[in-house]
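Q: prediction below, plus the sequence it came from.
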Amino acid sequence: MRLSPPFPVNTRLKPPCPHRCEARATCHLFRSEFLFCFCLPTPLSLPRSLKAQHRRLDLSESEGRAIAQISANPECRYQDFVNPRPLPRICKLRTPPPPRVCKPNANVFSKERIARVLNGEILSHSNSQSSLSLQFTILFSLSLSAAYSISSSLKSLSLSAPSGAPKATPSDLLSLLGPKRRSSAVNPLVAQELKSCFKFLVPFTPNRNETVRGSWFSHRRSLRPDRNGGRTRREEEENELVWWPPRPVLELARLAVDSGGDPGAIHRALDPTIIPVPDVEGSEEVRCQLTRTPYGRHFISEELNSYFELLFELIVARAPAIGLNLSLTRYDLFHGHLLIARDTGRLGILFHAKEYPAFDKKTFPYNMGYCQRGSNVTYDDSMNLRNILWLAPLPSNSNKAWEAPGVLVVLDARPGGIIYRDIIPEYANFVRTIYEDDLGDVIVDVNYLNVGDEVPNYKLFIC
């Protein structure tokens, strides 16, 4: 440490010699106020009283010259002039040894030195062995740094999108499933990757321009495929039910757009009658509540209720064609989220299958609570297909025409795909969950539950 003069000096200083710094402590010149001290006051030791803090000795002319020479000679230390030893030993002190001249150490790893070492030059008077050792050390450290940076770059490239590449958004996903004027506005690279993640359960483009015809849907009594494998209608008729649903569904879809995406408009279409949710496949025994509330409702229109039941049945019937085997149980597919897209007001439902995979220490080591107990759903690659989206036909804002037909599609969230990378949150990557809040404003949950004891009995609960 170096003091900047003037500083408290309690000894008479002798100007230093040209070649060395000298300090001689003389006892008889100390003032009486320091005779009782055991240690001389220095900037590192606080004064004994506030009064002593303001006491300063008047420096003689010779002392002033000495201080000036101390400032001009940075190689001399203040310890050579100020003796911090206890007072009884001051008179016995002799001239201290010449101060050690300190030179700044050369920066071993400066840019110039590293460059010269790499060029094979000798930078110091040390032997060649030390120079080679330093050269090897620098080269080894540089190689390690390069290897680490390359491995980090490769890892980041494998887990994330290439730098500068556009990212997909939920709005892009919905636009590609809408009219051409909206899908054409999506970045071509994003559109190409998103389309590779669409697995349609019903063909995306209708075979012909279907016009809305009366309420012929109401004349069909059975809306679900036969459980024994027989079909109650042709596959083409099922497709048409998705492309152009019955009139009550179309009216609800237009209401969502005309209301500006107001959830209250959909709530007013519900019957106010409250329906308690009974025990579902032994859920009460394990204290599992599957629904958002312990009660549910129905829509006023029975055709609406039947249509949503049809969607659950249709998904289970067609999912095996794309490698997805589902069951209508409380562990697998039993609910969806009715929502309104923010940009367009389009009505839709995001279904979540494989809701409670079985706990497994290797494949799925996650405890999901009471509702997971007893699950027989295996965690495998089919989890990539657990997000299923239904979109109602999109009405036009300007007239009574329709801009796009209905859609029923499975969203492939495979690792490495654009949905997995850009749309699914990082904390939900393992369960491959697309959240309904990202697609739009959630209105209600649509639950299709088996409330039967021995014989399956499925009921709809709007919560």
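A: Good, I have the coordinates. Residues are numbered from 1 along each chain as shown.
Q: run a quick neighbour tally on the closest residue to Arg287 other than its chain neighbours.
A: Distances taken as Cβ to Cβ, 6 or more residues apart in numbering put Tyr370 closest to Arg287, at 4.9 Å, once the chain neighbours are dropped. Using the backbone N, CA and C atoms, a C-beta is placed for each residue, glycine as well. For Tyr370, the neighbour count with other Cβ atoms under 10 Å is 13.
Q: quick check: phi and psi at Tyr370.
A: phi -60, psi -40 (degrees, to the nearest 10).
Q: again, but for Val410
A: When read as degrees, to the nearest 10, the backbone of Val410 gives phi -100, psi 130.
Q: use 17 as the first number from now on
A: Understood, numbering begins at 17; the last thing we discussed is Val426.
Q: what sits against it?
A: Going by Cβ atoms under 8 Å, 6 or more residues apart in numbering, Val426 touches Phe214, Lys215, Phe216, Leu217, Ala335, Ile338, Leu340, Leu401, Asn403, Ile404, Leu405.
Q: on the strand side of things, show who it bridges to.
A: For Val426, the beta-bridge partners are Lys215, Ile404 (DSSP bridges).
Q: measure stretch 440-458 end to end?
A: 17 Å (Cα to Cα, to the nearest Å).
Q: which of the residues in it are buried?
A: Ile440, Val447, Arg448, Thr449, Ile450, Tyr451, Glu452, Asp454, Leu455, Gly456, Asp457 (16 or more other Cβ atoms under 10 Å).
Q: skip the chain neighbours and tell me the closest residue to Asn413.
A: Once flanking residues are discounted, Asn413 sits nearest to Val273: 6.7 Å by Cβ to Cβ, 6+ apart.
Q: pretty sure that neighbour sits in a helix.
A: Yes - secondary structure assignment places Val273 in a helix (DSSP: H, G, I helix; E, B strand; the rest coil).
Q: okay if I get the contacts of Val426 as a markdown table plus distance to Gly280?
A: Below are the contacts of Val426 laid out as a markdown table (distance: Cβ to Cβ, whole Å):
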| residue | distance to Gly280 |
| --- | --- |
| Phe214 | 32 |
| Lys215 | 34 |
| Phe216 | 32 |
| Leu217 | 31 |
| Ala335 | 34 |
| Ile338 | 37 |
| Leu340 | 35 |
| Leu401 | 34 |
| Asn403 | 27 |
| Ile404 | 27 |
| Leu405 | 24 |
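Q: closest to Asn473 out of those?
A: Ala335 (22.1 Å; Cβ to Cβ).
Q: and the residue nearest to the closest one when sequence neighbours are not counted, how far is that from Pro219?
A: If the residues on either side of it in the chain are set aside, Ala335 comes closest to Leu342, at 5.0 Å by Cβ to Cβ, 6+ apart. As judged by Cβ to Cβ, to the nearest Å, Leu342 and Pro219 stand 20 Å apart.
Q: what is the burial count for the nearest residue to Glu301 once chain neighbours are set aside?
A: Distances taken as Cβ to Cβ, 6+ apart place Asp295 nearest to Glu301, at 7.7 Å, with adjacent residues excluded. By the criterion of other Cβ under 10 Å, Asp295 has 12 neighbours.
Q: list the contacts of the residue nearest to Arg303.
A: By Cβ under 8 Å, 6+ apart, the contact list for Tyr386 reads Val302, Arg303, Cys304.
Q: wait, doesn't the last one sit right on Cys387?
A: Yes - here Cys304 reaches Cys387: they are 4.0 Å apart, a contact under Cβ atoms under 8 Å.
Q: so what sits against both of those two?
A: Arg346.
Q: in which helix or strand does Ile365 reside?
A: For Ile365, the enclosing helix or strand under DSSP states H and E is strand 363-368.
Q: against which helices or strands is that strand packed?
A: Packing partners of strand 363-368 (3 or more Cβ pairs under 8 Å, 6 or more residues apart in numbering; DSSP states H and E): helix 263-274, helix 318-334, strand 351-357, strand 403-407, helix 452-455.
Q: of all the ones you listed, which lies closest to Glu252?
A: Of all the helices and strands packed on strand 363-368, the one in closest proximity to Glu252, counting by Cβ to Cβ, is helix 318-334 (13.4 Å).
Q: mind listing what's buried in that closest one?
A: 319-334.
Q: what pLDDT, on average, does that helix get?
A: The average pLDDT within helix 318-334 is 96.
Q: CA atoms only for that helix, dumped as PDB, please.
A: Only the C-alpha atoms of helix 318-334 are listed here, as PDB (Å, rounded to 0.1, in the frame of the first residue of the first chain):
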ATOM      1  CA  GLU A 318     -79.500 -31.100 -28.400                       C
ATOM      2  CA  GLU A 319     -78.000 -31.200 -31.900                       C
ATOM      3  CA  LEU A 320     -75.000 -29.300 -30.500                       C
ATOM      4  CA  ASN A 321     -74.600 -31.900 -27.700                       C
ATOM      5  CA  SER A 322     -74.800 -34.800 -30.100                       C
ATOM      6  CA  TYR A 323     -72.300 -33.200 -32.500                       C
ATOM      7  CA  PHE A 324     -69.700 -32.800 -29.800                       C
ATOM      8  CA  GLU A 325     -70.200 -36.400 -28.800                       C
ATOM      9  CA  LEU A 326     -69.800 -37.400 -32.400                       C
ATOM     10  CA  LEU A 327     -66.400 -35.700 -32.500                       C
ATOM     11  CA  PHE A 328     -65.000 -37.800 -29.600                       C
ATOM     12  CA  GLU A 329     -66.300 -41.000 -31.300                       C
ATOM     13  CA  LEU A 330     -64.900 -40.000 -34.700                       C
ATOM     14  CA  ILE A 331     -61.500 -39.300 -33.300                       C
ATOM     15  CA  VAL A 332     -61.200 -42.700 -31.700                       C
ATOM     16  CA  ALA A 333     -62.400 -44.400 -34.800                       C
ATOM     17  CA  ARG A 334     -60.000 -42.700 -37.200                       C
END
